[in-house]
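Novice: here's my sequence, what's the structure:
(one chain, ligands or ions: 1)
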Amino acid sequence: MKKAVKILSIVLALAAVITLFAACGKKEAETKTLTFGTNAEFPPFEFVASNGVIDNYDGIDMAIAKQVAEENGMQAKIENLEFDSLIVAVQNGQIDAAIAGMTIKPERLESVDFSIPYYKATQVMIVKEGSTITKAEDMADKKIVVIQGYTGESCVKDMGYKYEAFKKGSEAILELVNGKCDVVVIDSATAKNYVADNPGLKIVEDNNAFEGEEYAIAVKKGNTELLNKINATLEKMLADGTIEKFGAQYAG
Ligand code: GLN
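Specialist: Numbering: from 1, shown residues only. Okay, the predicted model is just below:
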């Protein structure tokens with residue numbers, strides 16, 4: 001009898017352990033992935049790093065994406081795409097959301113829904129020290145480089161100037177450093193980053209020519225469930241200074 005009780009308790013203990021393992025396994029399987037698309041060529045918002053906050057990706061946006069996912073019980077995953085394919089990727093469901101220093105623009109609002117804005121920016125001009133460019137108009141007869149699909153491209157196009165578009169910010173900066181162009185038009189925080197890394201370059205601002213912009217996260221049109229979750233986390237992160245902290249951490 002004693003032996004039977006012993007065996008029974010061992011069996012029961014084993015069953016309990018197995019149930020516990022099964023429950024843990026199930027819980028893990030249920031942790032949903034929130035897939036963000038980005039273009040990791042836009043420091044300090046997103047760039048490739050050996051030890052990033054999400055896999056090999058780091059920057060202000062990546063830290064925000066991680067927190068948005070985690071606060072909503074999900075795990076963030078990054079798909080590194082070309083900037084001008086992000087909107088289509090949101091539309092066809094390849095990614096759940098795009099976080100890429102993306103400016104809210106009327107034409108983009110026709111294709112996707114945007115979260116509340118989380119960052120203010122503007123376009124600026126990067127030139128070589130000693131350049132004669134002091135305002136946007138001075139670019140008229142200069143060799144202008146922009147990055148394909150960025151707001152900078154549409155700004156220069158609207159001004160009616162000729163330009164060359166590159167796929168990556170780093171390629172554009174290399175053109176300038178090598179003297180193959182006179183000016184690169186790009187977002188302010190990213191410009192600061194490039195200028196800090198490349199001696200001999202400087203930023204020229206023209207607030208009359210370039211309007212203020214706001215960055216937001218894009219989701220598929222009508223995906224209010226995800227949008228509400230993103231907005232709730234962004235609101236919290238804006239209110240408690242988290243986004244400002246990320247800005248200081250990555251932009252210095
Ligand atoms: N803010 C710019 C835009 O939305 C550039 C963003 C980016 O290159 N990641 O077009």
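Novice: now the residue nearest the centre of the chain: phi and psi?
Specialist: By CA atoms, centre = their mean, the chain has its centre lying nearest to A100, at 2.7 Å. When read as degrees, to the nearest 10, the backbone of A100 gives phi -160, psi 40.
Novice: surely it meets N39?
Specialist: Yes: contact status for A100 versus N39: in contact at 5.2 Å, counting by CB atoms under 8 Å. All C-beta atoms are positioned from the backbone trio N, CA, C, and that covers glycine.
Novice: so which bits of stretch 146-155 are buried?
Specialist: Buried residues in stretch 146-155, defined by neighbour count with 16 or more other CB atoms under 10 Å: V146, I147, G149, Y150, T151, G152, E153, C155.
Novice: which residues touch it?
Specialist: By CB atoms under 8 Å, 6 or more residues apart in numbering, the surrounding residues in contact with stretch 146-155 are 82-84, 103, 105, 123, 156, 163-169, 172, 184-187, 209-210, 213.
Novice: for PyMOL, what selects the buried ones among these?
Specialist: Only the buried entries of the contacts of stretch 146-155 go into this PyMOL selection, using 16+ other CB under 10 Å:
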select buried, resi 83+103+123+156+163+165+166+169+172+184+185+186+187+209+210+213
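Novice: tell me the gap between the lengthiest strand in the chain and the middle of its chain.
Specialist: Ranked by residue count, the top strand of the chain under DSSP state E comes out as strand 119-128. A distance of 17 Å separates the centroid of the chain from that of strand 119-128, by CA atoms, centre = their mean, to the nearest Å.
Novice: buried set for that strand?
Specialist: Of all the residues in strand 119-128, those buried under the rule 16+ other CB under 10 Å are Y119, A121, T122, Q123, V124, M125, I126, V127, K128.
Novice: contact partners of it?
Specialist: The contact list for strand 119-128 (CB under 8 Å, 6+ apart) reads 60, 101, 103, 133, 136, 139, 151-152, 155, 173, 176, 179, 182-189, 191, 194-195, 200-207, 210-215, 243, 247.
Novice: ditto for stretch 84-94
Specialist: With contact meaning CB under 8 Å, 6+ apart, stretch 84-94 is reached by 35, 37-39, 79, 81, 95-98, 100, 102, 108, 111-112, 148-149, 218-221.
Novice: restrict the residues you listed to contacts with the ligand.
Specialist: Contacts with the ligand within the contacts of stretch 84-94, counted by CB under 6 Å from any ligand atom: N39, A100, M102.
Novice: which parts of the stretch 151-252 of the chain are strands?
Specialist: With strands called from DSSP state E, counting those that start in this stretch, the stretch 151-252 of the chain shows them at 164-166, 183-187, 201-204, 212-215, 218-220.
Novice: ok, which of the ones you listed comes nearest K6?
Specialist: Among those, the nearest to K6 by CB to CB is strand 218-220 (58.3 Å).
Novice: so what secondary structure elements neighbour the closest one?
Specialist: Here strand 218-220 touches helix 86-91, strand 97-98, strand 112-114, helix 224-239, going by 3 or more CB pairs under 8 Å, 6 or more residues apart in numbering; DSSP states H and E.
Novice: which helices and strands does the third one pack with?
Specialist: What that stands for is strand 112-114. helix 86-91, strand 218-220.
Novice: and the closest residue to K180 other than its chain neighbours, what does it touch?
Specialist: The shortest distance from K180 to any non-neighbouring residue, by CB to CB, 6 or more residues apart in numbering, is to K143 (7.5 Å). Neighbour list for K143: E164, K180, C181, D182, V183 [criterion: CB under 8 Å, 6+ apart].
Novice: what pLDDT does K143 get?
Specialist: Note for K143: predicted pLDDT of 98.
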